[in-house]
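# no sequence for this one, just the structure:
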Ligand code: LLP
């Protein structure tokens, strides 16, 4: 459930109408609903209440400071993947004791600053990384708190690019090697092996894959007689973009919790998309409607693949609707951006009301992996991010200006 709804043919974000917003703010822009973010966070928290997990919102889905702070204020921790995300997490006052850090390529510098900040856990993805963490801890005279990220070799039914838990992927450590690490824990004398971590992929709409991965991890614990304080089950809960039947938070909880009953460790969850995905949209204007040589209609809009890359990169479906519904015949459109690439589209062959230049479209489901994957390709300033909070519209990130495009560039005098 999200708070972007049509009332008498006009789209609203909570109680603010989109036509009012576009009067005030130039497109394209991202628009987030504060209430939806919180609702989705509470939905997971409540569904899993029985085991009272630490929920660490996955910042890579949306690292806007106001989005993250909204969740941190509600009790969320953060799942980070870089020194930049650590910086932002600390900036908004996320308690380090609620920060977990995954990534196959943590640099020595990143490890140092996370260790100095006393984060809850490093989710370690390889033995060489564990050796690096151990040596950094020694130098800093600290004990590093580590969870071993395992690769359970479980296939999640999702796009190949966002499947992470099968053995040919770069993520995690295979189960046998993970067991060896625990058996030889004394080799890493500056590390405390606190837990296990597993994340099998993203946009997973079936609980079965989670159940499979969790069972494999529990098996490892039991067989290896391994004691842990934390079991981090990662993120990946899918959402509805189109007509998929997504499993609800409650259904995920109902299938996972029974496996965890009677265990003494605490559970961490790292949802990103489930919380942010349908809490945000991209709003764009139709610049031109063009009929191609084959008679195909193109709606050319002012947002491109640099603003929202998911359709181009994963052939992802995002629902697109004019912010004011008119009763017209429908037509099929390729909704395309201004970028100089044929792969620059938001939708292909999409049946929509007859579009006219100057009208505005809402691209739904863009709150996760939308702005966070945006770029300046074609020297396009990244769009503003707005948030509706109650009756008010707040700018939570200004649109970039042309001068932002050249920040840090230098022209040597030899040129
Ligand atoms: N934890 C770890 C270790 C992850 O790698 C990820 C996502 C998450 C949690 C959060 O997963 P979520 O709950 O959001 O599914 N750019 C892609 C998604 C990449 C996901 C990467 N890892 C997309 O636009 O679909």
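Sure, I can see it. If you're wondering where the values come from, they're calculated on a predicted model, not measured in any experiment.

# Could you verify that residue 387 is part of a strand?
Yes. Assessed with DSSP: H, G, I helix; E, B strand; the rest coil, residue 387 lies in a strand.

# That one bridge partners, please.
Beta-bridge partners recorded for residue 387 (DSSP bridges): residue 32, residue 394.

# wait, what's in contact with it?
If you count contacts by C-beta atoms under 8 Å, 6 or more residues apart in numbering, residue 387 has them with 31, 32, 33, 34, 66, 67, 393, 394, 396. No exception for glycine: its C-beta is placed from N, CA and C like everyone else's.

# what do you get if the cut-off is 6 Å, keeping everything else the same?
Counting by C-beta atoms under 6 Å, 6 or more residues apart in numbering, residue 387 makes contact with 32, 34, 66, 394, 396.

# tell me the SS of the last one?
With three-state DSSP as the basis, residue 396 sits in strand.

# what's the nearest residue to residue 103 if we skip its chain neighbours?
Excluding the flanking residues, the one nearest residue 103 by C-beta to C-beta, 6 or more residues apart in numbering is residue 81, at 4.4 Å.

# quick one: that neighbour and residue 105 touch, right?
No. Between residue 81 and residue 105 there is no contact under C-beta atoms under 6 Å: 9.3 Å.

# outside of the longest strand along the chain, which residues touch it?
When the chain is parsed with DSSP state E, its longest strand is strand 280-291. Residues outside strand 280-291 that contact it (C-beta under 6 Å, 6+ apart): 27-32, 297-303, 308, 355, 357, 359-364, 366-367.

# Pull out the buried residues from the residues you listed.
Those of the contacts of strand 280-291 that meet the buried threshold are 27-32, 297-303, 308, 355, 359-364, 366-367, by 16 or more other C-beta atoms under 10 Å.

# at contact distance from the ligand, anything in the longest strand of the chain?
No. If you take C-beta under 6 Å from any ligand atom as the test, strand 280-291 misses the ligand, and the best it gets is 12.6 Å.

# Show me what the residue of the stretch 1-150 of the chain found nearest the ligand bridges to in the sheet.
Nearest residue of the stretch 1-150 of the chain to the ligand: residue 58, at 3.5 Å (C-beta to the nearest ligand atom). Note on residue 58: beta-bridge partners residue 79, judged by DSSP bridges.

# Count the residues that sit near it.
29 (other C-beta atoms under 10 Å).

# Give me the distance between it and residue 276.
9 Å (C-beta to C-beta, to the nearest Å).

# State whether residue 279 and residue 36 are indeed in contact, as I suppose.
Yes. The pair residue 279 / residue 36 is scored as a contact, 4.0 Å apart, by C-beta under 6 Å.

# Neighbour count for the two, which is higher?
Comparing residue 279 with residue 36 by other C-beta under 10 Å, the one with more neighbours is residue 279, at 33 against 23.

# Please report how far that one lies from residue 318.
Distance from residue 279 to residue 318, by C-beta to C-beta: 14 Å.

# now swap in residue 303 and tell me
11 Å.

# what do you get for residue 391?
The gap separating residue 391 from residue 318 is 27 Å, by C-beta to C-beta.

# Ok, residue 97 next?
Relative to residue 318, and taking C-beta to C-beta, residue 97 is found at 36 Å.

# so what strands line up beside the next helix-or-strand element following the longest strand of the chain?
Sequence order places strand 297-301 as the next helix or strand after strand 280-291, per DSSP states H and E. Sheet pairing of strand 297-301 (DSSP bridges) gives strand 280-291 (antiparallel), strand 330-336 (parallel).
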